[in-house]
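# Quick one, what's the 3D model for this:
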Amino acid sequence: MTVLQTERLILRRWTENDIAAMAAINADGEVMRWIGKGFPATVDETRAAIARWESAWEERGYGLFAVEVRETKQLAGFVGLSVPTFLPEVLPAVEIGWRLGRPYWGVGIATEAAKEVLRFGFQDCNLDEIISICQVGNHASERVMQKIGMRFDRETIDPSAQRPVRVYVVGGRLVSPICN
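Have a look, this model is predicted:
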């Protein structure tokens with residue numbers, strides 16, 4: 001089982017015990033403001049999402065990590081790799097993304113975890129390119145993208161939500177969407 005560690009964080013696979021904490025994050029309208037159509041998610045939707053995230057791990061060898069704060073053992077949210085099927089024009093691609101609860105905003109957790117996930121993607125999964133996508137106006141996510149060395153690639157429309165998004169990229173060409 002893949003577990004990554006940083007100075008303050010443990011990035012690990014999901015467990016049943018994570019559902020309630022992630023559901024609380026997903027139920028926060030301010031957290032979900034920049035996700036899809038901007039609606040909070042229910043506990044059942046969160047449970048289904050975690051099941052999909054775990055399936056992606058089995059299928060691809062990478063996925064979204066549960067981010068646990070070492071000191072408190074609290075779930076902060078997720079940071080990880082996925083295939084952005086919601087935006088067909090960028091495929092084939094692997095995206096790095098994150099979603100953290102509000103208590104973890106503005107303290108460098110997204111950047112710290114994202115740097116380690118990029119290392120994992122490039123070194124362990126042999127990816128040659130990783131993208132990141134955020135809705136226009138989500139300046140906090142754009143700052144994280146810039147801090148981890150990504151460069152602006154394009155602005156387009158997310159057809160699943162009909163909202164404008166910005167695509168950032170780091171690396172060269174994608175070798176394989178499967179981590180060996």
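# can you map out the strands along the chain?
Counting by DSSP state E, residue ranges of the strands within the chain are 4-5, 9-12, 64-69, 75-82, 95-100, 129-135, 151-158, 163-171.
# Include mean neighbour count when you put the ones you listed into JSON lines, please.
Placement of C-beta: from N, CA and C, glycine included. Compiled in JSON lines, the strands of the chain are given as follows (neighbours: other C-beta atoms under 10 Å):
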{"stretch": "strand 4-5", "mean neighbour count": "15"}
{"stretch": "strand 9-12", "mean neighbour count": "19"}
{"stretch": "strand 64-69", "mean neighbour count": "24"}
{"stretch": "strand 75-82", "mean neighbour count": "24"}
{"stretch": "strand 95-100", "mean neighbour count": "22"}
{"stretch": "strand 129-135", "mean neighbour count": "21"}
{"stretch": "strand 151-158", "mean neighbour count": "13"}
{"stretch": "strand 163-171", "mean neighbour count": "18"}
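# which stretch among those comes nearest residue 21?
Residue 21 lies closest to strand 75-82 among these, at 3.9 Å (C-beta to C-beta).
# Relative to the closest one, what are the paired strands and their orientations?
Strand 75-82 pairs in its sheet with strand 64-69 (antiparallel), strand 95-100 (antiparallel), by DSSP bridges.
# Report the beta-bridge partners for residue 100.
residue 77.
# quick one, what contacts it?
By C-beta atoms under 8 Å, 6 or more residues apart in numbering, the contact set of residue 100 is 25, 31, 67, 76, 77, 78, 79, 109, 110.
# tell me what the lengthiest helix in the chain is packed against?
Longest helix in the chain, counting residues (DSSP state H): helix 43-60. The contact analysis (3 or more C-beta pairs under 8 Å, 6 or more residues apart in numbering; DSSP states H and E) places helix 43-60 against helix 19-26, strand 75-82.
# Distance check, residue 167 against residue 158.
Taking C-beta to C-beta, to the nearest Å as the measure, residue 167 falls 10 Å from residue 158.
# any residues in contact with both of those two?
Shared contacts of residue 167 and residue 158 (C-beta under 8 Å, 6+ apart): 87, 133.
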